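can't give you the sequence, but here's the structure:
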């Protein structure tokens, strides 16, 4: 008796069951990559081919809030003015797939902010919907490494990469991983620029490796060869900086010398010192400069250049030929060619005034 009743009820409800319009999601979740393309689809109950043009399809991002309209098709007509600004000109429906009873959304290019829960709604007399999740990632780029000398014994190693979500950095030694200093900043695209720094001894032969871990998966890495990759400290850096300053001073001295030359007849240059006193004081001054530069470990060429500039300001014509010879011998035995040329130009420049 019970079996008979069940069959009777099934026969009555079967037409309504067949007529039920349903939507199913093709995947529960999707993984996308920044700047790439992705398609997300849902399937709906078959309809007559003549009714395909009467279908309405709506794709929305429902999480995180607020709800955003991604794409809308009303009875075969696209409604673009309701699309949220974030998805303008990036979302489209693959209409040919409607004939296969699929509502497929294409997004391109993907943005980090596209991540969230999406809802596919299909209407045909009746309506149904299903949800799916999209996660957009940005693989971390090749590591950019840098070595900076801190002092005679220590150097700082740094690794920098960019991606999403925020990664974890591991160093080849557990102790370094514990002592590392990590900083991160968010870019305009929503990715993270992550930098990891450690301090190591520079005089020990060793290799150090940093690795960016993306959700427990090893990402890009970089290896430092110490001390082979440590930049050589140049003693010329201080000299070039000093030459720059002295060049400006030399120009000022030259201008002053020119003005004094024009006014020579009205100005007595030896009113304070005799010629002998002037030569002696200049020699002592140059000697004190050389000693100071030696203590500062500045290249001798800087001393020669400074000496020439000083002599210009005091008129070479008042000095003995021995001092000329002293300057030239010192310059040509201690400096490079471009500084010697500069000294010669300074001397000729001075003589043109006298």
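Perfect, thanks for sending it. Just so we're clear, the structure is a prediction, and the values are computed from it rather than from any experiment. Residues are numbered from 1 along each chain as shown.

for the chain, name the helix or strand with the lowest mean pLDDT.
The helix or strand of the chain with the lowest confidence, counting by mean pLDDT, DSSP states H and E, is helix 2-19 at a mean of 43.

counting by contacts, list what the next helix-or-strand element following that helix packs against.
With elements assigned by DSSP states H and E, the helix or strand that comes after helix 2-19 is strand 23-25. Contact here means 3 or more Cβ pairs under 8 Å, 6 or more residues apart in numbering; DSSP states H and E; on that basis strand 23-25 packs against strand 38-44, strand 116-124, strand 126-137. Any C-beta I mention is one placed from the backbone N, CA and C, and that applies to glycine too.

buried residues, strand 23-25. List them.
Taking 16 or more other Cβ atoms under 10 Å as the basis for neighbour counts, the residues of strand 23-25 that come out buried are 23, 25.

which residues are in contact with it?
41-45, 103, 120-122, 128-132 (Cβ atoms under 8 Å, 6 or more residues apart in numbering).

that one pairs with which strands, parallel or anti?
The pairing partners recorded for strand 23-25 under DSSP bridges are strand 38-44 (antiparallel).

need the helices for this structure, in chain order.
Under the criterion DSSP state H, the chain contains helices at 2-19, 174-179, 236-262, 275-295, 300-313, 321-334, 337-351.

so for the fifth one, mean pLDDT?
Meaning helix 300-313. Per-residue pLDDT values across helix 300-313 average out to 53.

can you check the shortest one too?
The predicted model gives helix 174-179 an average pLDDT of 93.

residues in contact with that helix?
By Cβ under 8 Å, 6+ apart, the list of residues contacting helix 174-179 from outside reads 169-171, 198-200, 208.

out of these, what pair is the most spread apart?
By the measure Cβ to Cβ, those have their two most distant members at 170 and 199, which lie 16.9 Å apart.

please say which of these two ends up with more neighbours.
More crowded of residue 170 and residue 199, by other Cβ atoms under 10 Å: residue 170, with 18 against 15.

need the contact list for the more buried one.
If you count contacts by Cβ under 8 Å, 6+ apart, then residue 170 has 177, 210-211, 213 around it.

Provide a ChimeraX selection command restricted to the buried entries of those residues.
Selecting only the buried members of these in ChimeraX, with burial defined as 16+ other Cβ under 10 Å, works like this:
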select :177,210,211
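
so for residue 78, which of the helices and strands packed on strand 23-25 sits nearest?
Closest among the helices and strands packed on strand 23-25, using Cβ to Cβ: strand 116-124, at 14.9 Å.

other SSEs contacting that closest one?
The contact analysis (3+ Cβ pairs under 8 Å, 6+ apart) places strand 116-124 against strand 23-25, strand 38-44, strand 56-63, strand 102-107, strand 126-137.
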